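In: task: produce atomic coordinates for the following.
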Amino acid sequence: MHIERVETGSLTATLNVKLTPEDYTPGVEKALKEQRKNASLPGFRPGQVPMHLIKKRVGRAVLVSEVERLIDANLRSYLQENAIRVLGQPLPKVESANGNNWDEPGELTFAYELGLAPSIEFDLNEKLGVEYPVVDVNDELVQREITDMQRRFGTVEDAEVSADKDMLLGDMIELNTDGSIKEGGIMNRTSMSLEFIEDEASKALLAGKKIGDEVVLDPHKVSKGHDDLARMLGVDHDRIHRIEGNFLFRIAEIKRMAPVAVDQDLFDRVYGKDAVSDEAGFREKVREGLGNMFRRDSDRIFKRLVMKKLQEGTNFELPDSFLKRWIKETSQNPVTPEQIEESYSEYATGLKRQLLEERVIEKYGLEAKGEELDAFSKRYVSDQFAQYGMPAPEGEQLQQMAARILGDREQIGRIRNTIVEQKLNTHFKALLSPKENKVSFDTFVTLARTAG
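Out: I've put the predicted structure just below:
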């Protein structure tokens with residue numbers, strides 16, 4: 001097989017592929033012999049069908065399959081051996097194969113278009129000017145966390161009148177348009193927590209009610225999406241699309257979470273027996289825990305801020321025309337040129353971010369190594385056992401359990417991403433020497449949402 005590369009643009013090329021009978025005949029003959037072994041036709045014993053009949057029935061299909069196999073294997077080898085980094089995958093030029101005679105094959109020619117990854121150069125130093133965001137863990141934030149702990153370790157009690165954080169149990173009953181109960185309609189016992197109802201008008205209707213009270217509600221306004229609504233009404237997802245109008249909610253129970261006191265019992269339940277002895281120490285421990293928790297989020301946001309700033313200052317092009325064609329030809333569902341144009345800008349921005357990060361990882365040698373993946377998976381196994389208070393396996397048993405994790409493509413992908421993320425953060429901090437920027441919790445949340 002002969003492959004010739006022809007440059008067609010700064011980031012595009014064509015691979016012209018030529019196959020001779022010497023390339024594909026051995027594989028075709030071997031496949032035909034296998035077909036003949038299993039062939040069964042009237043008038044012939046199994047395995048004794050004449051070869052010319054086998055060729056007549058499946059010869060062309062076998063030839064096409066073998067040629068496709070050869071081209072796929074050789075294109076991948078060619079790209080790898082010549083260190084050609086492509087975007088997407090090679091796309092066949094249909095017109096290049098039109099001259100091939102599959103019934104009387106001789107020399108076969110094909111052409112494949114390539115979209116090439118751009119060369120990316122950048123400067124990563126203190127001049128980038130990215131600060132490291134840190135949450136200001138103030139008294140208000142500490143109190144909010146303690147209040148949550150009080151509720152988390154609290155007890156559920158019956159209440160007489162509903163308040164804005166209570167859970168209501170009752171029956172959802174489907175109504176006609178005139179407000180009467182629909183005969184044969186939906187009736188289902190369900191629960192709803194007022195705290196998590198986003199529609200303020202619905203929440204107000206449900207507050208201040210007693211057991212036995214009835215409230216007319218739009219079920220879409222007291223649920224979160226179709227799946228949640230299906231569970232609330234006890235119907236399948238398809239039925240949800242036909243739900244219209246209001247429901248009667250008849251309250252059967254009112255449950256309230258009674259918070260525990262801030263005392264030694266709470267200290268022990270949160271941090272262990274006698275780890276904290278007074279409220280001041282407890283608040284300081286909570287403050288420290290929040291700081292550590294937010295520090296992990298700070299690392300993630302900082303990394304994204306660095307990549308965003310780096311992308312803003314690093315200019316490189318993409319083979320846009322090729323990529324648009326590649327999207328069209330490889331999309332699972334048919335897409336129009338207008339749809340591609342509408343979404344391409346966002347796609348290109350994401351691809352540039354991915355290529356830039358890959359270049360950073362490559363330039364500074366931050367890819368996860370085999371021994372790092374192995375060590376991480378072993379720590380993961382040990383942590384899982386420790387979580388349940390069990391002794392961690394050792395030696396060969398630990399290695400076998402780690403190997404099972406590394407044999408899962410999704411698991412190894414997550415582990416690799418975690419290791420690389422940690423390396424990127426460490427490297428960015430060392431190179432950029434960022435100043436800490438103490439921000440409020442709300443500002444921190446906004447940063448997490450907009451950092452890229």
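In: give me the element residue 256 is part of.
Out: If you go by DSSP states H and E, residue 256 is part of strand 247-258.
In: what comes up buried for that strand?
Out: For strand 247-258, burial by neighbour count (16 or more other CB atoms under 10 Å) applies to 247, 248, 249, 250, 251, 254, 256, 257. All C-beta atoms are positioned from the backbone trio N, CA, C, and that covers glycine.
In: mind checking pLDDT for the fifth one?
Out: In the predicted model, residue 251 carries a pLDDT score of 97.
In: please convert the buried residues of strand 247-258 to a markdown table, extending it with distance to residue 193.
Out: Listed next are the buried residues of strand 247-258 as a markdown table, based on distance: CB to CB, whole Å:
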| residue | distance to residue 193 |
| --- | --- |
| 247 | 17 |
| 248 | 19 |
| 249 | 13 |
| 250 | 17 |
| 251 | 13 |
| 254 | 11 |
| 256 | 11 |
| 257 | 10 |
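In: can you pull the buried residues of stretch 202-222?
Out: Within stretch 202-222, the residues that count as buried by 16+ other CB under 10 Å are 202-203, 205-207, 209, 211, 213, 215, 217, 219-220, 222.
In: of those, which pair is most distant in space?
Out: Greatest spatial distance among the buried residues of stretch 202-222 (CB to CB): 211 and 220, at 25.3 Å.
In: residue 110: what secondary structure?
Out: Classification of residue 110 using DSSP: H, G, I helix; E, B strand; the rest coil returns strand.
In: number of nearby residues for it?
Out: Neighbour count of residue 110, defined by other CB atoms under 10 Å: 20.
In: who's in contact with it?
Out: By CB atoms under 8 Å, 6 or more residues apart in numbering, the residues touching residue 110 are 16, 17, 19, 71, 92, 93, 96, 97, 100.
In: please apply the same query to residue 328.
Out: 335, 337, 340.
In: the second one and residue 375: what is the separation?
Out: Here the criterion is CB to CB, to the nearest Å. By it, residue 337 lies 49 Å from residue 375.
In: quick check: phi and psi on residue 75?
Out: phi -60, psi -40 (degrees, to the nearest 10).
In: how long is stretch 204-224 end to end?
Out: End-to-end distance for stretch 204-224, by CA to CA, to the nearest Å: 17 Å.
In: report the rounded mean pLDDT for that stretch.
Out: The average pLDDT within stretch 204-224 is 95.
In: run the chain-centre distance for that stretch.
Out: 36 Å (CA atoms, centre = their mean, to the nearest Å).
In: same thing with stretch 320-339?
Out: Mean C-alpha position of stretch 320-339 versus that of the full chain (CA atoms, centre = their mean) differs by 22 Å.
In: state the mean pLDDT of it.
Out: For stretch 320-339, the mean per-residue pLDDT is 93.
In: what's the pLDDT at the closest residue to residue 193 other than its chain neighbours?
Out: Leaving aside its sequence neighbours, residue 193 sits nearest to residue 167 (CB to CB, 6 or more residues apart in numbering; 4.7 Å). Looking at residue 167, its pLDDT stands at 95.
In: and for residue 51?
Out: 85.
In: ok, it - contacts?
Out: Residue 51 sits in contact with 32, 36, where contact means CB under 8 Å, 6+ apart.
In: how near is residue 342 to residue 395?
Out: Counting by CB to CB, the separation of residue 342 from residue 395 is 57 Å.
In: who has more neighbours, those two?
Out: In this view residue 342 and residue 395 are compared by other CB under 10 Å, and residue 342 has more residues nearby, 11 against 7.
In: does the more buried one lie in a helix or a strand, and which?
Out: Per DSSP H and E, the secondary structure element for residue 342 is helix 337-363.
In: how about residue 79?
Out: Applying DSSP H and E, one finds residue 79 within helix 51-81.
In: check residue 190 too.
Out: strand 187-193.
In: helix, strand or coil for residue 6?
Out: strand.
In: and the residue nearest to it when sequence neighbours are not counted, what are its bridge partners?
Out: In this structure, residue 6 finds its nearest non-sequential neighbour in residue 14, 4.7 Å apart by CB to CB, 6+ apart. Using DSSP bridges, the bridge partners assigned to residue 14 are residue 6, residue 113.
In: tell me who's in contact with the spatially closest residue to residue 439 that is not a sequence neighbour.
Out: Using CB to CB, 6+ apart and skipping the chain neighbours, the partner closest in space to residue 439 is residue 133 (5.6 Å). Counting by CB under 8 Å, 6+ apart, residue 133 makes contact with 298, 301, 302, 305, 436, 437, 439, 444, 447.
In: quick one, phi psi at residue 133?
Out: Torsion angles, degrees, to the nearest 10, at residue 133: phi -80, psi 130.
In: mind checking how far it is from residue 440?
Out: Distance from residue 133 to residue 440, by CB to CB: 11 Å.
In: re the thing from before, neighbour count: residue 337 and residue 375, which is higher?
Out: Higher neighbour count among residue 337 and residue 375: residue 375, with 13 against 10, using other CB under 10 Å.
In: show me what contacts the more buried one?
Out: With CB under 8 Å, 6+ apart as the criterion, no residue contacts residue 375.
In: that one sits in which helix or strand?
Out: Assigned by DSSP H and E, residue 375 belongs to helix 370-387.
In: can you name the next helix or strand after that helix?
Out: Assigned by DSSP H and E, the successor of helix 370-387 is helix 395-406.
In: which residues sit against that next one?
Out: With CB under 8 Å, 6+ apart as the criterion, helix 395-406 contacts 373, 374, 377, 378, 380, 381, 382, 392, 393, 411, 412, 415.
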